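Peer 1: following is a predicted model, sequence given first.
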Amino acid sequence: MKTINIGLVGYKFMGKAHSNAYSRLGMFFDADAAVKMKAICGRDEEWVKSAAEKFGWEGYETSWEKLVKRNDIDVIDITAPSNAHKDIAIAAASEGKHIFCEKPLALTLSDARLMYEAAKKANIKHQIGFNYRFAPAVLLAKKLIDDGKIGTIRHVRASYLQDFIIDPEFPLVWRLQKDVCGSGSLGDLGAHFIDLTRFLVGDFKSVMGMQKTFIKSRPIVERMIGLSASAQEDAPRGEVDVDDGSVFIAELECGALGVFEATRFAQGHKNDLSIEINGDKGSLKFVFERMNELQYYSADDDAGVQGFRLIQASEGIHPYMYAWWPTGHVIGYEHTFVHEMYEFVQAIANDTATCPDFSDGVKCSQIIEAVEVSNQRKAIVDVNSL
Ligand SMILES: NC(=O)c1ccc[n+]([C@@H]2O[C@H](COP(=O)([O-])OP(=O)(O)OC[C@H]3O[C@@H](n4cnc5c(N)ncnc54)[C@H](O)[C@@H]3O)[C@@H](O)[C@H]2O)c1
């Protein structure tokens, strides 16, 4: 069996999620190639060495430039913040490496397009980390929609709500700096429901948005772990130059209307991603914090027993569940990463198309940028005009 050698950039939140996915893959799935966790890369030698040992990587590098040039690496997986994606991806493509890149694809739409062009030119496999597509309940929703069970879709409403930066003294982490993340709540959180909407319902035609920065300056960050961070008591403050909250309405190519909201200022909501889709024959609702369930209403049910039913998508009949535990033994967040890596490995092993790929990343960046332009112009923006 072919072995695919992985080089991973980044060792924190997503670095750990991807490392876990690679190490679980062969244990649960019969992929057509094996993966070898060759090297993990970070700038701080002490930290990256310790991550390599803890996560099970064969070795480590302190420079991504060196990693992408290594002859014993087939895949470059990018889990650094958005400002690093373009240079790493373009260099990796020019070295003929396959690329997995976290979302959003790049700082800007034009950078995202450059990455997609480089990947196409190099004829390598490229995939983007829209992991929520790989929740079995989302795939069940996709099947029900494709089978016509909810009919013609009229409405989509999606939100992604968190509350971790409500405190004005929460430090100025990279997620609040435009030159590192490109976009705030919209690019970080909204990217996921934009992709889910495209996956389940279709492309966006036009958008109209409003964005707001509630806290305009914050103490300079001293230390970051996951989504938490600390600053010194008398730390100087720096400017927050991205959106804290974003709302927008949209028309989709299929004629449906959409309402969307991304914020990190929704007190009590920790990682509350939800999407509801209404068609003329039924409705579907997915809430990530109850990710093993899908709510489904069918207008075809008999009168008197109609109502939203709660489907457990944790049975072996549902996508990917065969690989895990006996029926009803639920799965979690980390499993979505194993599923996306399984598909990526299968595409490399069998020379088939990856999905979602960088073209999906470009489309997502186009919608993010359209909302930003709409907010500036106070006008409806045709997504394809950008
Ligand atoms: N799919 C998801 O659900 C999801 C969730 C969180 C984050 N993300 C995305 O993943 C990416 C990383 O986010 P995170 O939360 O893991 O960030 P993080 O801050 O936890 O980790 C970033 C890592 O990148 C490394 N890094 C930064 N610049 C580097 C460089 N020039 N060279 C080498 N390493 C470098 C850092 O040392 C760190 O290890 C972002 O694009 C983010 O939007 C996706």
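Peer 2: Yep, it's here. Numbers count the residues shown, from 1 in each chain.
Peer 1: the biggest helix by length in the chain: which residues count as buried?
Peer 2: Criterion DSSP state H: the longest helix present in the chain is helix 358-377. If you call a residue buried by 16 or more other Cβ atoms under 10 Å, then helix 358-377 has these buried ones: 358-375. Quick note: C-beta positions are derived from backbone N, CA and C, even for glycine.
Peer 1: next secondary structure after it?
Peer 2: Counting by DSSP states H and E, the element after helix 358-377 in chain order, helix or strand, is strand 381-382.
Peer 1: which other helices and strands contact the longest helix of the chain?
Peer 2: Under the contact definition 3 or more Cβ pairs under 8 Å, 6 or more residues apart in numbering; DSSP states H and E, helix 358-377 sits against helix 109-122, strand 126-128, helix 191-200, strand 204-212, strand 245-252, strand 381-382.
Peer 1: right, so those: which one is the most enclosed?
Peer 2: Of all the helices and strands packed on helix 358-377, strand 126-128 has the most neighbours on average by mean count of other Cβ atoms under 10 Å, namely a mean of 28.
Peer 1: distance from that one to the middle of the chain?
Peer 2: Chain-centre distance of strand 126-128: 11 Å, with Cα atoms, centre = their mean, to the nearest Å.
Peer 1: that strand: what's the following helix or strand?
Peer 2: Per DSSP H and E, the first helix or strand lying C-terminal to strand 126-128 is helix 136-146.
Peer 1: which parts of the helix or strand just after that next one are buried?
Peer 2: Counting by DSSP H and E, the next helix or strand C-terminal to helix 136-146 is strand 153-161. For strand 153-161, the neighbour count (16+ other Cβ under 10 Å) marks 153, 156-161 as buried.
Peer 1: next: stretch 9-18.
Peer 2: Judged by neighbour count (16+ other Cβ under 10 Å), stretch 9-18 contains these buried residues: 9-12, 14-18.
Peer 1: average model confidence for that stretch?
Peer 2: Stretch 9-18 shows a mean pLDDT of 98.
Peer 1: show residues contacting that stretch.
Peer 2: Contacts with stretch 9-18, where a contact means Cβ atoms under 8 Å, 6 or more residues apart in numbering, come from 8, 19, 40-42, 47-48, 51-52, 55, 64, 67, 76-80, 84, 88, 100, 102, 129, 224-227, 333-334, 337, 341.
Peer 1: in strands only, show me these.
Peer 2: Under the assignment DSSP state E, the contacts of stretch 9-18 contribute 8, 40-41, 76-78, 100, 224-225 to strands.
Peer 1: return the residues of the stretch 51-200 of the chain in contact with the ligand.
Peer 2: 64, 79-82, 84, 102-103, 129, 131, 188 (Cβ under 6 Å from any ligand atom).
Peer 1: where in the stretch 51-200 of the chain is pLDDT low?
Peer 2: Counting by pLDDT under 70, not a single residue of the stretch 51-200 of the chain qualifies.
Peer 1: closest to the centroid, which residue in this protein?
Peer 2: Per Cα atoms, centre = their mean, the C-alpha nearest to the average position across the chain is that of F130, at 3.4 Å.
Peer 1: dump stretch 370-379 to PDB, keeping only the CA atoms.
Peer 2: The C-alpha coordinates for stretch 370-379 follow below in PDB (Å, rounded to 0.1, in the frame of the first residue of the first chain):
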ATOM      1  CA  ALA A 370     -18.900  40.900  -0.800                       C
ATOM      2  CA  VAL A 371     -20.300  41.400   2.700                       C
ATOM      3  CA  GLU A 372     -17.400  43.700   3.600                       C
ATOM      4  CA  VAL A 373     -17.900  45.800   0.500                       C
ATOM      5  CA  SER A 374     -21.700  45.900   1.200                       C
ATOM      6  CA  ASN A 375     -21.000  47.100   4.700                       C
ATOM      7  CA  GLN A 376     -18.700  49.900   3.300                       C
ATOM      8  CA  ARG A 377     -21.100  51.000   0.500                       C
ATOM      9  CA  LYS A 378     -24.300  50.400   2.500                       C
ATOM     10  CA  ALA A 379     -25.700  48.700  -0.600                       C
END
